[in-house]
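**Student:** Here is my input; please provide its structure:
(one chain, ligands or ions: 1)
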Amino acid sequence: MIQKICDSCERTIEVEDDLAGQKVACEACGDINIMPEVGTGEVHEAITATDRLAKMGLPPDSGPEKPAIKVRPAMLKARPVLFGTLVLVLVSGLVGIVWGLIGEPAGAKTAAKIGGGIGAIVVLGVLGVWKIKTLSAALEITNKRTVLRRGLLSRATSEVVHDNIRNVQITQTFWQRLWGVGTLGLSSSGQDGIEIEIGDIPNPERVRKVIDAYRPLG
Ligand SMILES: [Zn+2]
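**Tutor:** Predicted coordinates for the structure are as follows:
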């Protein structure tokens with residue numbers, strides 16, 4: 001086999017030896033490449049593309065589909081102030097319950113028990129619903145495509161093959177940038193607008209780098 005990095009999309013083109021020195025169309029982008037003679041340096045370049053992915057801890061783009069990374073929306077990083085406040089209210093509620101239960105019964109202690117109990121239940125409820133919401137969305141990136149799954153019981157999925165991705169967009173507010181979270185949007189060629197969007201994901205730059213490593217650039 002002879003390998004060559006496509007001049008246009010930088011994917012690896014692999015053909016039988018008898019096509020050495022011949023013009024071959026890239027399977028990914030259709031660009032015409034002149035294949036190297038057997039045993040020239042360009043074969044080495046092709047291996048480097050796989051090495052580059054391996055260095056990033058990612059599976060090669062050729063071969064069977066393999067998972068690369070999976071991300072879910074963050075809680076603490078997405079809403080640090082809200083998350084911190086909820087935890088503070090929860091801890092205060094629990095302290096109130098304990099204080100209300102020990103020592104001589106008194107009106108203030110009864111109020112602390114009831115108030116603390118209601119506070120703790122409300123906070124646990126809010127945190128529980130929030131947690132379920134984050135669990136119900138996941139972005140799974142393989143060496144072939146990006147898949148967005150939504151919903152716990154009934155699942156809705158949308159996906160884009162890496163070769164068809166036209167743009168990877170990260171939207172971050174000032175605070176989101178500080179906390180390292182953001183919204184990631186993927187638009188594909190052929191259809192207008194963003195087709196896949198997921199908010200509050202941790203380290204969106206890393207996710208973009210992984211997707212970029214698999215898609216043809218330039
Ligand atoms: Zn190509």
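**Student:** Counting neighbours, what do you get for the nearest residue to residue 9 once chain neighbours are set aside?
**Tutor:** Spatial nearest neighbour of residue 9, chain neighbours left out: residue 216 (3.0 Å); criterion: CB to CB, 6 or more residues apart in numbering. Just so you know, the C-beta spots here come from the backbone N, C-alpha and C atoms, and that holds for glycine as well. Residue 216 has 18 neighbouring residues, counting by other CB atoms under 10 Å.
**Student:** Name the SS class of residue 216, please.
**Tutor:** State at residue 216, reduced to three classes by DSSP: H, G, I helix; E, B strand; the rest coil: coil.
**Student:** which residues sit in contact with it?
**Tutor:** 6, 8-11, 28-29, 163 (CB atoms under 8 Å, 6 or more residues apart in numbering).
**Student:** Now, those that are in strands?
**Tutor:** If you go by DSSP state E, the contacts of residue 216 have nothing in strands.
**Student:** how about the residues of the chain that lie near the ion?
**Tutor:** 6, 8-9, 26, 28-29, 31 (CB under 5 Å from the ion).
**Student:** got a winner among those residues for most neighbours?
**Tutor:** Most surrounded of the residues of the chain next to the ion: other CB under 10 Å gives residue 6, at 22 neighbours.
**Student:** what's the closest non-adjacent residue to it?
**Tutor:** Closest to residue 6 by CB to CB, 6+ apart is residue 26, at 4.2 Å.
**Student:** Quickly note the distance from the one you found to residue 7.
**Tutor:** Counting by CB to CB, to the nearest Å, the gap from residue 26 to residue 7 is 8 Å.
**Student:** Residue 125 now?
**Tutor:** 58 Å.
**Student:** now residue 32
**Tutor:** 9 Å.
**Student:** ok, of the residues of the chain next to the ion, which one's closest to residue 149?
**Tutor:** residue 28 (25.8 Å; CB to CB).
**Student:** quick one: residue 4 is in a strand?
**Tutor:** Yes - the assignment for residue 4 (three-state DSSP) places it in a strand.
**Student:** ok so, going back, verify the contact between the residue nearest to residue 6 and residue 15 for me.
**Tutor:** No - with contact defined as CB atoms under 8 Å, residue 26 does not reach residue 15; the gap is 10.6 Å.
**Student:** Neighbours of the nearest residue to residue 180 once chain neighbours are set aside, how many?
**Tutor:** Once flanking residues are discounted, residue 180 sits nearest to residue 203: 5.7 Å by CB to CB, 6+ apart. Neighbours of residue 203 under the rule other CB under 10 Å: 15.
**Student:** so who does residue 203 touch?
**Tutor:** Counting by CB under 8 Å, 6+ apart, residue 203 has contacts 71, 180-181.
**Student:** Swap in 10 Å and give it another go.
**Tutor:** 69, 71, 74, 77, 180-182, 209 (CB atoms under 10 Å, 6 or more residues apart in numbering).
**Student:** Just give me the closest of the residues you listed to residue 133.
**Tutor:** residue 74 (11.7 Å).
**Student:** residue nearest the centroid of the protein?
**Tutor:** Nearest residue to the geometric centre of the chain (CA atoms, centre = their mean): residue 71, 4.0 Å.
**Student:** Write down the beta-bridge partners of it, one by one.
**Tutor:** Bridge pairing for residue 71 (DSSP bridges) gives the partners residue 139.
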